[in-house]
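In: generate coordinates for the sequence data below:
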Amino acid sequence: MRRSEPRAWIVPTLAAVAGFIVACSPSSHPAPAEPAAPPPVTLGPVLHYAFSALDGSKISSDTSLGRNTVIVFITSYGGSSQAQARFLDAVAHDHVPRTNCYAIVTERPENRPLIEMFVDVLKLRVPVAHVDYPDLKGGPFGDVVAVPTVFILDRGGRLVWRKDALATQDEIERQLRTIE
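Out: This is a model prediction of the structure:
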C-alpha cells in the first residue's frame with residue numbers, strides 16, 4: 001500500500017480559514033470615533049476696507065456688515081484666478097442673499113480693459129473691483145502676496161478664514177457653514 005503525501009493546497013486553505021475566523025470574530029478594538037466637529041472659529045480683527053467696483057458700486061466693510069462676506073484677490077491672466085472667480089460666482093449664486101461675495105483684481109491701472117473683458121467672458125455676477133497691487137500693501141488685508149487669496153469675514157466684519165491659494169467652492173462653503 002502506498003502512503004499518501006500531503007497535498008500542496010492544504011496549508012494555504014487552512015491559513016485562509018484561520019484568517020476568515022479571525023476576521024469574523026468580535027474585535028477587541030473600539031469602533032472608530034465619529035469625525036471630530038470642526039474646530040471652533042477663531043475670530044480675527046474687524047477689517048475696514050473700501051473699494052470701487054467696476055460698475056461704480058461700493059464694496060466696503062460698511063455695506064457688508066450683517067452678512068458673511070467672501071473676498072477673493074485675483075488677476076485677470078492666471079488660470080487659478082479664473083477658477084477662483086468661477087468658484088466665487090457659484091458660491092454667490094448658492095448663498096444669495098446670506099453671503100456677500102466680491103472679487104478684487106490686483107493689476108496695473110492700464111489693464112482695466114483686460115479686466116473688464118475677463119469679467120464679461122466669465123459672465124461674473126459678483127461685484128468686481130480693480131486695485132493696483134501697491135495700494136494693497138499694509139492695508140486691512142495685510143500683504144496679499146499670492147493670487148488667488150481668499151478671505152472670509154463673519155457678519156461683524158471679523159476675519160475668520162484666509163487661504164493664500166486656490167480655494168474650491170466646497171472649501172469656501174465648508175468654512176461658511178462654520179459661521180452660519
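In: residues near the residue nearest to Tyr49 when sequence neighbours are not counted, how many?
Out: Leaving aside its chain neighbours, Tyr49 sits nearest to Pro140 (4.8 Å; criterion: Cβ to Cβ, 6 or more residues apart in numbering). Heads up, the C-betas are built off the backbone N, CA and C, glycines and all. When counting by other Cβ atoms under 10 Å, one arrives at 15 neighbours for Pro140.
In: in contact with Pro140, which residues?
Out: Contact analysis of Pro140 by Cβ atoms under 8 Å, 6 or more residues apart in numbering lists Leu47, His48, Tyr49, Ser61.
In: would you check that Phe87 makes contact with Thr168?
Out: Yes: Phe87 is within contact range of Thr168, at 5.9 Å (criterion: Cβ atoms under 8 Å).
In: and these two? which has more neighbours close in?
Out: Counting neighbours by other Cβ under 10 Å for Phe87 and for Thr168 shows that Phe87 has the greater number, 23 against 14.
In: quick one, phi/psi of that one?
Out: phi -60, psi -40 (degrees, to the nearest 10).
In: who are the packing partners of the helix or strand encompassing Asp120?
Out: Assessed by DSSP states H and E, Asp120 sits inside helix 112-122. With contacts taken as 3 or more Cβ pairs under 8 Å, 6 or more residues apart in numbering; DSSP states H and E, helix 112-122 sits against helix 79-94, strand 128-131.
In: can you pull the buried residues of that helix?
Out: Ile115, Phe118, Val119 (16 or more other Cβ atoms under 10 Å).
In: closest to Arg177 among the residues you listed?
Out: Val119 (28.1 Å; Cβ to Cβ).
In: show me where this protein has its strands.
Out: Along the chain, counting by DSSP state E, strands occupy 50-52, 58-60, 68-74, 99-106, 128-131, 149-153, 159-163.
In: now those in a markdown table, with mean pLDDT and distance to Val91?
Out: Shown next, in a markdown table, are these (pLDDT from 0 to 100; distance: least, Cβ to Cβ, whole Å):
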| stretch | mean pLDDT | distance to Val91 |
| --- | --- | --- |
| strand 50-52 | 96 | 19 |
| strand 58-60 | 97 | 16 |
| strand 68-74 | 98 | 6 |
| strand 99-106 | 97 | 6 |
| strand 128-131 | 97 | 15 |
| strand 149-153 | 97 | 10 |
| strand 159-163 | 96 | 13 |
